[in-house]
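# sequence unknown, structure follows:
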Ligand SMILES: Nc1nc2c(ncn2[C@@H]2O[C@H](COP(=O)(O)OP(=O)(O)OP(=O)(O)O)[C@@H](O)[C@H]2O)c(=O)[nH]1
Ligand SMILES: [Mg+2]
């Protein structure tokens, strides 16, 4: 179902300029990569990126993120092209937002100021389908907004009557803060009630092995879920296609298990979002096995693995049994492959398929490890899914035996005394 995607004509589409800083912590190459991701985030929320500006600084400026001269260049462009918003690649502090907005006012043009977190929050708000996800996003939005209201309030109270300043007065802002705080309290209560309900639901489900798909956004988790569980799950080439988690019961070789698709992770994921999505992420926390899906065609996939591993560690699940699933091998550049051995079969005729060659190559690289177990697949082309399935089965059987120690005996009665199970579903 793609009905939650906003389609607009070019004329109606909002436009943006992106701003990033190359610093001691972030080299030019990284900045370029982050900007590409930021532009992808912008387009996911229906915004067209016209240009990006970067500045080399020891670290982002405390007051205005970039220096004065750079800011003037940016604004000259914004005025010329009638740009709707500035999107900053790093999170802006409340005072940076305030200073930047104050500077913009001198140009007499309405320009929205966003940072990476706010953009991600907007996308989540657009995508959230269930009451739980919507509540979680709204809570994160209010929590993001609150300190900005507070600082702005203290700033405005000093600045009142200043030229061109048209903000709410002291009273109104106090009221706003009170409303925001009330709403936060209400949303927290609501989430707690939903949590209780879903906890009970989870407890009432049959005790089954739980397998959870995790990974960076857009790596192909939902696509793989579709192929493994033969279900229709919303997948598309946009960031955060999945915000709610989806659970499906799958039965393989007589073993039932629950397969969960989850929200994708991203670098600089707002902590507020991780916190408010705690209960969605409980699916991951309660999983017996994780399938960590990686997009091997992405230029930065190794960094993405680290980002995901970092978030999993933060969640306290970094040491769960994990299968590393390298996806999209169909996009792996075959011309880069030095192919040892024969491409020709014993009969001198059969050529190995492109996918077999890529797989053979990848299995000789350092990415091939046994702990965690590694599989190279293409979910879309269904390549090596049998091998993945076998690897998952290995873990499944172990876990299933822990839950149902008499399982093999039961099987024995059914005539499979050696624990061997016939192929097929
Ligand atoms: N070429 C290629 N594309 C793939 C493969 N698997 C998935 N894709 C594409 O990658 C894009 C993202 O796939 P999704 O399944 O939505 O990815 P996801 O990890 O669920 O993404 P989020 O829910 O946004 O975190 C889609 O355009 C898929 O068609 C693959 O094996 N090969
Ligand atoms: Mg998805």
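Cool, got the structure. These numbers were taken from a predicted model, which means no experiment stands behind them. Ligands and ions are numbered 1, 2, ... in the order given.

# how about the helices of the stretch 101-250 of the chain, start to end?
Shown for the stretch 101-250 of the chain, the helices assigned by DSSP state H, counting those that start in this stretch span residues 116-127, 131-159, 170-204, 221-229.

# Strands along this protein, start to end?
Assigned strands in the chain, in chain order: 14-22, 47-56, 85-88, 112-115, 209-215, 246-252, 255-261, 289-295, 322-327, 373-376 (criterion: DSSP state E).

# ok, of the ones you listed, where does mean pLDDT dip lowest?
For those, the stretch scoring lowest in mean pLDDT is strand 246-252; its value is a mean of 85.

# can I get the strands of the chain in a markdown table with mean neighbour count and distance to ligand 1?
To be clear about C-beta, it is placed using only N, CA and C from the backbone, and glycine gets the same treatment. Written out in a markdown table, the entries for the strands of the chain read as follows (neighbours: other C-beta atoms under 10 Å; distance: least, C-beta to the nearest ligand atom, whole Å):
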| stretch | mean neighbour count | distance to ligand 1 |
| --- | --- | --- |
| strand 14-22 | 21 | 20 |
| strand 47-56 | 17 | 17 |
| strand 85-88 | 23 | 19 |
| strand 112-115 | 20 | 20 |
| strand 209-215 | 25 | 6 |
| strand 246-252 | 15 | 10 |
| strand 255-261 | 21 | 7 |
| strand 289-295 | 24 | 6 |
| strand 322-327 | 24 | 5 |
| strand 373-376 | 22 | 10 |
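
# Mind telling me which residue of the protein is nearest ligand 1?
Among the residues of the chain, residue 264 lies closest to ligand 1, at 2.4 Å counting by C-beta to the nearest ligand atom.

# Please report the distance of that residue from residue 187.
Plainly put, residue 264 is 23 Å away from residue 187 if you go by C-beta to C-beta, to the nearest Å.

# How about residue 21?
Applying C-beta to C-beta, one obtains 34 Å for the distance of residue 21 from residue 187.

# just residue 360 next, same as before
Applying C-beta to C-beta, the value for residue 360 to residue 187 is 52 Å.

# same deal with residue 322?
Between residue 322 and residue 187 the distance, using C-beta to C-beta, works out to 33 Å.

# how about low-confidence regions in the stretch 51-200 of the chain?
In the predicted model of the stretch 51-200 of the chain, residues 149-173 satisfy pLDDT under 70.

# Residue 264 and residue 187: which is more packed in?
Neighbours per residue (other C-beta atoms under 10 Å) separate residue 264 from residue 187, with residue 264 holding more: 24 against 21.

# mind checking how far that one is from ligand 2?
For residue 264, the distance to ligand 2 equals 6 Å [C-beta to the ion, to the nearest Å].

# How many neighbouring residues does the residue nearest to that residue when sequence neighbours are not counted have?
Distance criterion C-beta to C-beta, 6 or more residues apart in numbering; nearest residue to residue 264, sequence neighbours excluded, is residue 217 at 3.0 Å. Neighbour count for residue 217, taken as other C-beta under 10 Å: 25.

# repeat for residue 58
Here the number of neighbours of residue 58 (other C-beta under 10 Å) works out to 9.

# Would you agree it is in contact with residue 23?
Yes: shown here, residue 58 and residue 23 form a contact pair, counting by C-beta atoms under 8 Å, at 6.3 Å.

# Same list (the strands of the chain) but as JSON lines, adding distance to residue 136.
As requested, the strands of the chain are arranged in JSON lines below (distance: least, C-beta to C-beta, whole Å):
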{"stretch": "strand 14-22", "distance to residue 136": "25"}
{"stretch": "strand 47-56", "distance to residue 136": "23"}
{"stretch": "strand 85-88", "distance to residue 136": "23"}
{"stretch": "strand 112-115", "distance to residue 136": "20"}
{"stretch": "strand 209-215", "distance to residue 136": "18"}
{"stretch": "strand 246-252", "distance to residue 136": "16"}
{"stretch": "strand 255-261", "distance to residue 136": "16"}
{"stretch": "strand 289-295", "distance to residue 136": "21"}
{"stretch": "strand 322-327", "distance to residue 136": "25"}
{"stretch": "strand 373-376", "distance to residue 136": "32"}
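
# mind checking which of the ones you listed is nearest residue 272?
Among the strands of the chain, the nearest to residue 272 by C-beta to C-beta is strand 112-115 (12.5 Å).

# Pairing partners for that closest one, with directions?
For strand 112-115, the paired strands and their directions (DSSP bridges) read strand 85-88 (parallel).

# Distance from the partner strand to the middle of the chain?
Mean-position distance between strand 85-88 and its chain equals 21 Å (C-alpha atoms, centre = their mean, to the nearest Å).

# what's that strand in contact with?
The list of residues contacting strand 85-88 from outside it, by C-beta atoms under 8 Å, 6 or more residues apart in numbering, reads 14-20, 38, 42, 47, 49, 65, 74, 78, 100, 111-116, 119.

# Closest residue of the stretch 51-200 of the chain to ligand 2?
Of all residues in the stretch 51-200 of the chain, residue 127 sits closest to ligand 2, at 9.8 Å by C-beta to the ion.

# What degree of burial does that residue show, as a neighbour count?
Using other C-beta under 10 Å, residue 127 has 23 other residues around it.

# Tell me how far it lies from residue 382.
27 Å.

# Residue 274 too?
Summarising the geometry, the distance separating residue 274 from residue 382, computed by C-beta to C-beta, is 33 Å.

# do residue 100 as well
In this structure, residue 100 and residue 382 are 49 Å apart, going by C-beta to C-beta.

# Who has more neighbours out of those two?
Neighbours of residue 100 and residue 382, each counted by other C-beta under 10 Å, are more numerous for residue 100; the result is 22 against 11.

# ok, the more buried one - contacts?
Contact partners of residue 100, counting by C-beta under 8 Å, 6+ apart, are 64-65, 71, 86, 92, 113.

# Out of those residues, which two sit at the greatest distance?
When C-beta to C-beta is used, the two most widely separated members of the contacts of residue 100 are 71 and 92, lying 13.3 Å apart.

# where does the stretch 301-425 of the chain come near ligand 1, residue by residue?
Contacts of the stretch 301-425 of the chain with ligand 1, taken as C-beta under 6 Å from any ligand atom, map to 327-328, 330-331, 378-380.

# Perfect, I'm done here.
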